[in-house]
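In: Sequence plus the predicted model coming up.
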Amino acid sequence: MGRLEQCQSDYNNQMDLKPVSSSLLRDLTGHLQPLSRRRFVANSMRLLLLAGSGPLLAACSGPSRPPIQSMQYLDAGQAELFQRLSEVLLPTEGTALTSRTEVPVVANVDTLYGYLPPQTQADLSTAMDLFEHAGLVLGLHFSRFTRMTDSAAHSYIEQWQQGHSLQQGIIMVLKKLVYASYWRDEQTWGPLQFPGPVSERWGLTSLGETPLPGNEPIGGKA
Amino acid sequence: MMLKVTTAADLQTERLELEADAVVVGSGAGGAVMAYELAAAGKRVVVLEAGPYVPSSRFNEKFPDMLELLYEEHGNQANKAGDLLVLQGRCLGGSTVVNGCVAFRVPDFILEKWGREFGLTNLTPESLAPYFDKVERNLSIHTNQPHEINRNSQKLQAGAETLGWSVKPLNRNIRDCALTGHCLSGCKTDRKQSMLVTYLPWASHYGAKIYSDTRVTRILAEQEHGQVNAQANRYGKVQGVEAETIDPLTGRKVADVRVKAPLVVAAAGAVQTPLLFLHSQLGNASGQVGRNFACHPSTMIVAEFAEEIFTWQGAMLGVYVDEFEHPDKGGFVLEGGGAGPVELGMATEPGTGAAYLDFMSRAKHYASCVSLIHDHNVGRVSLVDGQKRIEYAIDERDFPAIKAAFKAAARIYFAAGAERVFLPTGDKWVIESVEQIDAVVDPIENHPFALRMVSYHPQGTMRMGSDPARSVVNPYGESHQVKGLFVSDASLFPTSIIVNPQESVYALSHYIAEHILARAEHYFA
Ligand SMILES: Cc1cc2nc3c(=O)[nH]c(=O)nc-3n(C[C@H](O)[C@H](O)[C@H](O)COP(=O)(O)OP(=O)(O)OC[C@H]3O[C@@H](n4cnc5c(N)ncnc54)[C@H](O)[C@@H]3O)c2cc1C
């Protein structure tokens, strides 16, 4: 039995499946079906989504990483996903840009995530699960995203970027969350020569409320 | 003059009962003008605003912070598919506090269409001119002067002129612009003539009572046979509103509010006004409440130049290309609009990892413009299980206009000397030369997430018209069914208006106020 089939059979034996109920599940599996062998992907995807994360998935993938704490809104797995995404999306080493490690990217994602309405959070959470685990069954990666090497993670992201519109949508949203969380930090502006707030620095004074205008009625035209 | 506002923190009671001649729901473009015009005419006006009162001293010129503080859903309001961000202000002064100051009169050809197709023959360029004149005076609306046209807009202008295309300085509602480029974070020094520093304090001067943190939850109407709100969607007369005051810091309800008034003006914006009607089960005999949502889906085209542009420096919006404004010529406009790192960082797909950082590290070399199209009213705002839902996808009839806007912007930028043009698409589409334009743009297909779209201009969901079967309110903004219940916000527009809407909302609201006052005995007996 190959590694992939082994994973599949392990899933089938797993008893503590966590239900992810959403029409999104149907949509995602439906949309992703044409991308690979139909039955296999449909089943695997369903199981992956149902399983969420767990020791089994870790066993099917690459070396594990130091544990990351859950945050105010993101659970540990989600925080780890964004940590890994920020490493792959923002390889600032050797550039003139502010080092990613100086910016609390994941904490900023957590704040943004907290502002989302509950339904959007739920959909995004499902999308994150899918993105994290789909590499086990799609595109010969045989690994969850957070366990991929840099180059595998890079090509996995590009694959999603060029995939079905739903994959494009998911990766676009994940990228936007990471980018917004990086660029919102003032430390990142200097290298771009973006000045940020200027009014106080320029000594601008408020013009205050605008004086009351005259108010002649327009007169019976309405 | 100091703006007097009752906030959640000021309320000492759990139940507030008020009486007024008119209650205005929402304090943005439509609500503030209405409140002022009625108050100045001696009416007792109460304004209820769902958002907080944020004085300009708290605007910190950091866009992400201000999105969270001043915008609906902290800047995350989106359509159901998730591929269209729908931005609206949610604070005292509404979207006028965070908008880009661009001011247009609704184009004549749009008014002609409204007359022809929706029976709005009362709304002509001539009949509306005095209202436009007055708001233009009141709000210091003027044509951008040369110092208000930054290097970013100069590129758009130069390219369009080279091609012989019509390009003009924009009009803006601003006094002595300090050229900070931070319009969308609110104007810290009160130069933007938003409702926060104009019509709201003026309304207050005439006695209007303004409540922030107070969301109207239901419009009350009496049936002809005397029951309140029973038998939804029948004919009746408005009675007032119910609302709740919520502490913005804790999210906890502070008070239930009830305002009794013979006149209610809904000006909660094109997303919330239909929701309020739907929730109140009022005024929807036509079934049109919440339908016909249009939004000018806007995209940002970025061009790279060898020289430094600093797109974020100077007045945020300088010039616009109106060569293709008329639907017969394409139905789109391009506006030279600047952007900071956060917006630029999400505007296009330059590639992953090093490719992305390379793109961003050249940010000071980019010029940017936004496209607006005359989109069809194909969207819908509805209540599903008590929750808001916005459905909108680019209609097949509108997609060509978006692609034509990409092509025109690219031609302009290459004519101005650009080295490459980045398209606002989900996938990576970069144009390296003028010869490549068609080859790159033509294959782009219309599907969810194909484009990076933002709507700054939701409109159309409470259609105005003469036919009660096809519209929600009559040509003067009054519900076809409920007497004394008016709408005066961007939801009135029966079609999208292609240009930035704020000035048209002001003028229309003023027009409706005059209509109400001219028939005061009907409403305020
Ligand atoms: C970022 C941005 C940039 C823009 N730039 C431009 C521009 O440059 N030029 C231009 O012409 N237009 C621009 N616009 C659009 C323009 O500001 C709006 O079209 C205009 O303000 C709409 O007026 P309105 O009265 O319909 O709604 P708004 O001005 O949005 O006001 C609605 C108000 O109602 C409140 N409200 C909602 N629900 C309730 C409730 N249940 N109870 C009480 N209050 C409620 C909201 O909090 C809000 O304050 C921009 C908009 C945005 C968001």
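Out: Perfect, I can see it now.
In: what about the longest helix seen in chain A and chain B, touching?
Out: In chain A, assigned by DSSP state H, the helix with the most residues is helix A:165-183. Yes - using Cβ under 8 Å from any Cβ of the partner chain, we find that helix A:165-183 touches chain B at A:165-166, A:168-169, A:172-173, A:175-176, A:179-180, A:182-183. For glycine as for every other residue, the C-beta is placed from the backbone atoms N, C-alpha and C.
In: Torsion angles phi and psi at the closest residue to residue B:151 other than its chain neighbours?
Out: Leaving aside its sequence neighbours, residue B:151 sits nearest to residue B:309 (Cβ to Cβ, 6 or more residues apart in numbering or on different chains; 5.1 Å). Dihedral angles of residue B:309 (phi, psi; degrees, to the nearest 10) stand at phi -110, psi -40.
In: residue contacts, residue B:309?
Out: B:151-152, B:155, B:364-367 (Cβ atoms under 8 Å, 6 or more residues apart in numbering or on different chains).
In: And the residues of helix A:165-183 next to chain B, which is closest to the ligand?
Out: Of all the residues of helix A:165-183 next to chain B, residue A:180 has the smallest distance to the ligand: 15.7 Å, by Cβ to the nearest ligand atom.
In: gap between the closest one and residue A:126?
Out: Separation of residue A:180 from residue A:126 (Cβ to Cβ, to the nearest Å): 21 Å.
In: low-confidence ranges in chain B?
Out: Applying pLDDT under 70 to chain B flags residues B:1-2, B:223-235.
In: if we go to 50?
Out: The model of chain B has pLDDT under 50 over residues B:1, B:226, B:230-232.
In: And the helices in it, which stretches?
Out: Using DSSP H, the helices of chain B run over B:29-40, B:63-70, B:108-118, B:125-138, B:151-163, B:199-205, B:269-280, B:341-344, B:354-361, B:399-415, B:437-441, B:502-518, B:520-523.
In: will you turn those helices into a markdown table that also has distance to residue A:217?
Out: A markdown table is the format used below for the helices of chain B (distance: least, Cβ to Cβ, whole Å):
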| stretch | distance to residue A:217 |
| --- | --- |
| helix B:29-40 | 9 |
| helix B:63-70 | 33 |
| helix B:108-118 | 23 |
| helix B:125-138 | 10 |
| helix B:151-163 | 38 |
| helix B:199-205 | 15 |
| helix B:269-280 | 26 |
| helix B:341-344 | 42 |
| helix B:354-361 | 54 |
| helix B:399-415 | 40 |
| helix B:437-441 | 51 |
| helix B:502-518 | 7 |
| helix B:520-523 | 12 |
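In: from the ones you listed, which stretch is densest packed?
Out: helix B:29-40 (a mean of 31; mean count of other Cβ atoms under 10 Å in any protein chain shown).
In: got the angle between it and helix B:125-138?
Out: Calculated by axes from the mean of the first three to the mean of the last three Cα atoms, to 10 degrees, helix B:29-40 forms an angle of 80 degrees with helix B:125-138.
In: ok, back up a step: counting contacts, what elements does the longest helix of chain A pack onto?
Out: Here helix A:165-183 touches helix A:23-32, helix A:76-89, helix A:105-115, helix A:118-133, helix A:150-161, helix B:341-344, going by 3 or more Cβ pairs under 8 Å, 6 or more residues apart in numbering or on different chains; DSSP states H and E.
In: how does it look with 6 Å?
Out: With contacts defined as 3 or more Cβ pairs under 6 Å, 6 or more residues apart in numbering or on different chains; DSSP states H and E, helix A:165-183 has these neighbours: helix A:76-89, helix A:105-115, helix A:150-161, helix B:341-344.
In: out of those, which comes closest to the ligand?
Out: That would be helix B:341-344 among the helices and strands packed on helix A:165-183, by Cβ to the nearest ligand atom, at 10.7 Å.
In: same for the closest one, what does it pack against?
Out: Contacts defined by 3+ Cβ pairs under 6 Å, 6+ apart place helix B:341-344 against helix A:165-183.
In: Other residues contacting the helix it packs on?
Out: Contacts to helix A:165-183, defined as Cβ atoms under 6 Å, 6 or more residues apart in numbering or on different chains, come from residues A:31, A:85-86, A:89-90, A:103, A:105, A:108-109, A:112, A:127, A:131, A:160-161, A:188, B:341-342, B:345-346, B:426, B:447-449.
In: one step back: would you convert the helices and strands packed on helix A:165-183 into a markdown table that also reports distance to residue B:255?
Out: A markdown table is the format used below for these (distance: least, Cβ to Cβ, whole Å):
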| stretch | distance to residue B:255 |
| --- | --- |
| helix A:76-89 | 37 |
| helix A:105-115 | 25 |
| helix A:150-161 | 48 |
| helix B:341-344 | 37 |
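In: could I get the ones you listed as JSON lines with distance to the ligand?
Out: Formatted as JSON lines, those follow (distance: least, Cβ to the nearest ligand atom, whole Å):
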{"stretch": "helix A:76-89", "distance to the ligand": "26"}
{"stretch": "helix A:105-115", "distance to the ligand": "16"}
{"stretch": "helix A:150-161", "distance to the ligand": "28"}
{"stretch": "helix B:341-344", "distance to the ligand": "11"}
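In: now for the ones you listed, which one comes closest to residue B:213?
Out: When these are compared by Cβ to Cβ, helix A:105-115 sits nearest residue B:213, at 18.0 Å.
In: Now do the same for that closest one: mean pLDDT, whole number.
Out: Mean pLDDT, computed over helix A:105-115, is 96.
In: Alpha carbons only: can I get it in PDB?
Out: The C-alpha coordinates for helix A:105-115 follow below in PDB (Å, rounded to 0.1, in the frame of the first residue of the first chain):
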ATOM      1  CA  VAL A 105       1.900  39.300  11.400                       C
ATOM      2  CA  VAL A 106       0.000  36.400  13.000                       C
ATOM      3  CA  ALA A 107      -1.200  38.500  15.900                       C
ATOM      4  CA  ASN A 108      -2.500  41.100  13.400                       C
ATOM      5  CA  VAL A 109      -4.200  38.300  11.400                       C
ATOM      6  CA  ASP A 110      -5.800  37.300  14.700                       C
ATOM      7  CA  THR A 111      -7.200  40.800  15.200                       C
ATOM      8  CA  LEU A 112      -8.500  41.000  11.700                       C
ATOM      9  CA  TYR A 113     -10.100  37.500  12.000                       C
ATOM     10  CA  GLY A 114     -11.800  38.600  15.200                       C
ATOM     11  CA  TYR A 115     -13.500  41.400  13.300                       C
END
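In: Just name whatever secondary elements that helix is in contact with.
Out: Where contact means 3+ Cβ pairs under 6 Å, 6+ apart, helix A:105-115 is packed against helix A:76-89, helix A:165-183.
In: TSV please, covering the ones you listed and showing mean neighbour count and mean pLDDT.
Out: Formatted as TSV, these follow (neighbours: other Cβ atoms under 10 Å in any protein chain shown; pLDDT from 0 to 100):
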stretch	mean neighbour count	mean pLDDT
helix A:76-89	21	97
helix A:165-183	22	95
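In: in chain A, which segments are predicted with low confidence?
Out: Applying pLDDT under 50 to chain A picks out residues A:1-22, A:24-25, A:31, A:33-44, A:47-59.
In: Enumerate the residues of it near chain B.
Out: Within chain A, the positions near chain B by Cβ under 6 Å from any Cβ of the partner chain are A:91, A:95, A:97, A:115-116, A:154, A:157-158, A:165, A:168-169, A:172, A:176, A:179-180, A:183-184, A:192-194, A:197-199, A:204, A:206-210, A:212-213, A:215, A:218, A:220, A:222.
In: now those residues: which count as buried?
Out: Among these, those scoring as buried are A:91, A:95, A:97, A:116, A:154, A:157-158, A:165, A:168-169, A:172, A:176, A:179-180, A:183-184, A:192, A:194, A:197-199, A:204, A:207, A:209-210, A:213, A:218, A:222 (criterion: 16 or more other Cβ atoms under 10 Å in any protein chain shown).
In: Run a quick neighbour tally on residue B:181.
Out: 25 (other Cβ atoms under 10 Å in any protein chain shown).
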